[in-house]
Structures are given as C-alpha cells and as structure tokens.
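>>> need a structure here:
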Amino acid sequence: MTSILIEIWNSVLFQPTFNFLIWLYNNWAAGNLGWSVIFLTFLLRLALLPLTILNERNKAKNEGLQEEIEQIEKDFKDDPVLKKQKIRETLKEKKVRPWAKAVSLALQGLVLVLLYQVFLYGIKGDRLAQLLYPSIAFPGAINTVFFGIDLAATKTYILPAIVAIWLLFDVYLDTRQQENLQKKDLWYVVAFPVVTFVFLWYFPAVKALFILASILFSVIASQIIEPMLIPSNESE
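Presented below is the predicted three-dimensional model:
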C-alpha cells in the first residue's frame with residue numbers, strides 16, 4: 001500500500017510539477033529558477049482565483065460575522081451541540097463558504113511540499129535527467145541563485161525575514177481593528193511571525209520565495225476584487 005501511494009505521489013504530483021517548473025525555467029524564466037518559482041506561484045494562484053474571489057466575498061459580506069459567532073458561543077456555551085448547529089445556521093444564512101480558503105491553503109501547502117522535494121532530490125545530478133519527460137529539454141546545471149540568494153540553501157535570513165516582517169505588519173493591522181484584546185491576541189501578533197521566520201530559516205529559501213510571491217498575488221488580487229464586491233455588498 002505504501003509503495004502504491006509513493007508511486008501515485010511521484011507520478012501524479014511530483015514529476016508533473018517538476019517538469020512544469022523546468023519548462024518554465026527553459027522558456028519563461030531566462031534560466032533562473034527563482035523566476036520559475038514565481039511564475040509557478042502566480043499560475044497556481046490564477047487557477048485558484050475562483051476560491052480567492054469566494055474568500056474575498058466572504059470577508060466583504062461578513063465583517064460582523066465574528067461578533068455574531070462569539071455571541072452564539074456565549075449564549076450556548078453549556079450546549080456544544082446546539083452551539084455548533086447555530087454556528088452552521090449562521091454561516092449558511094450568510095452564505096459563508098469556509099472551505100474556499102481551506103482548499104486554497106491546502107493546495108498551496110501541497111505545492112510547498114513538492115517544491116521542497118524538488119530542491120531536495122530533483123535539481124542536481126543524474127536525478128534531474130531521470131525525472132524529465134522526453135518533451136522537456138535538458139536544462140544543464142540549474143541556476144538556483146536569485147538576486148544573490150541561493151534558493152537551495154537553508155538557514156538564510158533575507159527572504160524569511162521579509163515574510164516575517166510582512167506577517168507582523170498584516171497581523172498587527174488585523175488585530176488593531178479588534179476590540180477587547182487579550183494577552184493571547186498580543187502574543188499572537190509577535191509569536192506567529194517569529195515562528196514563521198524560524199520555520200522558513202530552517203528550510204530551503206525557495207519556500208520563503210513561494211510564500212512571498214503568493215502574498216504579492218494576494219495583495220494585487222484583493223485590490224482588484226474588493227472594489228468589484230462593494231456594489232453587490234451595498235445592494236444587499
């Protein structure tokens with residue numbers, strides 16, 4: 001059973017992702033793996049754009065939803081079954097689809113794992129030639145240096161630090177809008193970026209680049225999508 005799952009992972013997920021990344025490297029990225037990863041990230045996010053629109057729509061329509069859920073949790077704290085039922089009814093009434101964000105994040109997490117495997121096993125030596133489809137040109141030695149940063153290297157600081165600073169800024173802005181903040185909320189503002197930095201520092205720098213590219217896409221997409229949602233939100 002394990003061997004079957006490994007074969008499915010390699011033939012259905014890993015090898016196609018690897019070959020598409022090398023195709024981007026050969027054709028779009030001018031022989032730079034950093035740009036290949038950015039193009040791959042943007043194309044993935046474009047494929048997930050319907051889920052992104054659903055998520056932005058949820059945020060635009062349900063700014064007060066969290067307060068309603070908190071009130072339900074207080075009112076039905078002694079009846080967990082009824083509490084879950086009321087929360088489900090509220091989400092259904094508001095037409096919230098929480099799975100949209102979960103699916104999007106899960107697929108991006110899957111690509112992160114695949115990229116890690118690519119950098120761990122696929123881009124050097126004979127393994128590179130073995131993994132390529134006949135239709136994909138052999139690229140020779142892979143250039144993993146992106147603006148002076150070796151994306152295959154671990155324990156780098158620049159890209160993980162940029163991700164952590166952005167998360168600190170983003171979490172701070174979200175938290176600042178909340179009322180009745182508790183110590184755990186303030187702790188989260190600092191702890192989440194720090195833990196993220198340590199995680200990204202430990203792994204190849206390509207992970208941080210993928211996350212940065214995804215963040216950039218999210219910023220651009222939200223600026224385009226949010227104004228489109230405002231008229232329908234106001235009419236409701």
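>>> Neighbours of the nearest residue to residue 45 once chain neighbours are set aside, how many?
Distances taken as Cβ to Cβ, 6 or more residues apart in numbering put residue 217 closest to residue 45, at 4.3 Å, once the chain neighbours are dropped. From N, CA and C alone the C-beta is placed, and that goes for glycine too. The burial metric for residue 217, expressed as a neighbour count using other Cβ atoms under 10 Å, is 20.
>>> Could you give the separation of the helix or strand where residue 217 lies from the chain centroid?
Element membership for residue 217, per DSSP states H and E: helix 206-235. Relative to the centre of its chain, helix 206-235 is centred 12 Å away, using Cα atoms, centre = their mean, to the nearest Å.
>>> Residue 2 and residue 48: what is the separation?
For residue 2, the distance to residue 48 (Cβ to Cβ, to the nearest Å) stands at 30 Å.
>>> Hmm, I typed the wrong one, I wanted residue 218.
As it turns out, when the distance is counted by Cβ to Cβ, residue 218 lies 11 Å from residue 48.
>>> So those two - more neighbours on which side?
residue 48 (20 against 16).
>>> Who are the contact partners of that one?
Contacts here follow Cβ atoms under 8 Å, 6 or more residues apart in numbering; on that basis residue 48 touches 104, 107-108.
>>> Now for the closest residue to residue 166 other than its chain neighbours, how many residues are close by?
Using Cβ to Cβ, 6+ apart and skipping the chain neighbours, the partner closest in space to residue 166 is residue 215 (6.1 Å). When neighbours are counted by other Cβ under 10 Å, residue 215 registers 16.
>>> so what pLDDT did the residue lying farthest from the centre of the chain get?
In the chain, residue 78 marks the outermost C-alpha relative to the chain mean, sitting 36.2 Å out by Cα atoms, centre = their mean. Here the pLDDT value assigned to residue 78 is 86.
>>> so how far is residue 90 from it?
19 Å.
>>> do the same with residue 31
When distance is defined by Cβ to Cβ, residue 31 is 53 Å away from residue 90.
>>> neighbour-wise, which of these two wins?
residue 90 (16 against 13).
>>> which non-adjacent residue is nearest that one?
In this structure, residue 90 finds its nearest non-sequential neighbour in residue 68, 5.8 Å apart by Cβ to Cβ, 6+ apart.
>>> burial measure for that neighbour, as a count.
For residue 68, the number of neighbouring residues by other Cβ under 10 Å comes to 16.
>>> Helix, strand, or coil at it?
State at residue 68, reduced to three classes by DSSP: H, G, I helix; E, B strand; the rest coil: helix.
>>> and it, what pLDDT?
With respect to pLDDT, residue 68 has a value of 80.
>>> ok, it to residue 89 distance?
In this structure, residue 68 and residue 89 are separated by 11 Å, where distance is defined by Cβ to Cβ.
>>> can you give me the helices in the protein?
Using DSSP state H, the helices of the chain run over 2-8, 15-27, 33-47, 49-61, 65-75, 80-93, 99-117, 125-131, 158-176, 183-202, 206-235.
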